[in-house]
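*Asks:* show me how the following folds:
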Amino acid sequence: MDHSSDTMVPLETLRAFDAAARTGSFSAAAEKLNITHGAVSRQIAKLEDWLGLKVFDRGARGVSLTIEGNRLHLRTAEAFALISSHSDRWVEPRGTAVVRLTSIPSVSGLWLMPRMAALENNPTKLRIVLDVDIRQADLADEGIDLSIRCGRGGIPGRISVQLFEEHVFPVASPELAREIGRGDPARLLKFPLINDSDASAWRAWFAAQGMDYRPRPQDRRFEDYNLVLDAAAYGLGIALARPPLTGHQLKSGRITPVDERTALNPVSYWLDRPIGRPRAAAAELARRIAEQAGLAPEKMEAFIEAEG
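*Replies:* Residues are numbered from 1 along each chain as shown. Sure thing, here's the model as predicted:
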């Protein structure tokens, strides 16, 4: 068989092919893999483009393997059997109540995890498969039902709704907070300031106080907000609290406010889903997330009903 590139075909593409070959239907394969019919169709198109030939004949009652497709299926079935018998890899749960949700590490650990039990068990049981990733993945192609991300607006090719905004304020370890004391906002510039992926939040906070801010050599940056909070708790500088991600840290006394003045963060939190009708379990989880975020029910219903 010829193919159009030396790049290996993704494993999820072969999984979609194998499921469609076994069931004789893209719809049945989608149900088996807990993804949409469109996601299976796109994976098969990707495979056929990679191979440079057709692997299925499409008919009114389903699909059937071509001669080349049957040859490929014999090989992939052998490969999957070999992997299954010689691997301790994790097998993901499947079923109509399983929902694949993706988010960045900070949201996953600081906002989702404390709410996971409530999201899964209220009132009927769901099973959340959480993919922690910093990429802006193609949700449909990767079989992801929902995504919570931090950003400045909607992303083309997705249905999006804003979950909540942040009004940030400076925090530090209790020891450093005592040293900083109270007073003019300019006093904070005597200490290292801790940024996450960029300096936009600190710029917004100082701008709200009528001041300019640009990162300095003594300031620090950590890509993940969990590390930003750790750095502040260990006395490495002043960070910005980002409610509601920092509620537990503040209640525990690990970090404490050093200035009560707040500013609206330029970025906010968004719930995304692929274009098309969401599965019933995904729609239910979206409603539960909206309730936890304090989002108006009518906004969530518009998000669920939107076709793109």
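
*Asks:* and the helices in the chain?
*Replies:* 11-23, 26-33, 37-51, 67-85, 105-107, 116-121, 174-180, 200-208, 225-233, 247-252, 280-293, 297-305 (DSSP state H).

*Asks:* what's opposite the closest residue to Leu240 other than its chain neighbours in the beta bridge?
*Replies:* Setting aside the residues directly before and after it, Leu240 is nearest to Val168 in space (Cβ to Cβ, 6 or more residues apart in numbering), at 4.2 Å. Backbone N, C-alpha and C define where each C-beta goes, glycine included. Judged by DSSP bridges, the bridge partners of Val168 are Ala263.

*Asks:* quick one, what contacts Val168?
*Replies:* With contact set as Cβ atoms under 8 Å, 6 or more residues apart in numbering, Val168 has these partners: Ala201, Ala204, Trp205, Leu240, Ala241, Arg242, Pro243, Thr262, Ala263, Leu264, Asn265.

*Asks:* who are the neighbours in contact with the fourth one?
*Replies:* Which is Leu240. So Leu240 contacts Val168, Phe169, Pro170, Val171, Ala201, Trp202, Trp205, Asn265 (Cβ under 8 Å, 6+ apart).

*Asks:* how does it look with 10 Å?
*Replies:* Going by Cβ atoms under 10 Å, 6 or more residues apart in numbering, Leu240 touches 166, 168-171, 193-196, 201-202, 204-205, 225, 228-229, 232, 246, 262-263, 265.

*Asks:* how confident was the prediction at it?
*Replies:* Looking at Leu240, its pLDDT stands at 97.

*Asks:* which secondary element of this structure has the worst mean pLDDT?
*Replies:* helix 67-85 (a mean of 81; mean pLDDT, DSSP states H and E).

*Asks:* return the alpha-carbon coordinates of stretch 42-49 using CSV.
*Replies:* Written as CSV, here are the backbone C-alpha positions of stretch 42-49 (Å, rounded to 0.1, in the frame of the first residue of the first chain):
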residue,chain,number,x,y,z
ARG,A,42,-13.4,12.4,9.5
GLN,A,43,-11.0,9.8,10.8
ILE,A,44,-11.9,7.4,8.0
ALA,A,45,-11.4,10.2,5.4
LYS,A,46,-8.0,11.0,7.1
LEU,A,47,-7.0,7.3,6.8
GLU,A,48,-8.1,7.1,3.1
ASP,A,49,-6.2,10.3,2.3
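
*Asks:* quick one: buried residues of that stretch?
*Replies:* Arg42, Gln43, Ile44, Lys46, Leu47, Glu48 (16 or more other Cβ atoms under 10 Å).

*Asks:* again, but for stretch 273-293
*Replies:* Those would be 273-274, 278-279, 281-290, 292-293, for stretch 273-293 by 16+ other Cβ under 10 Å.
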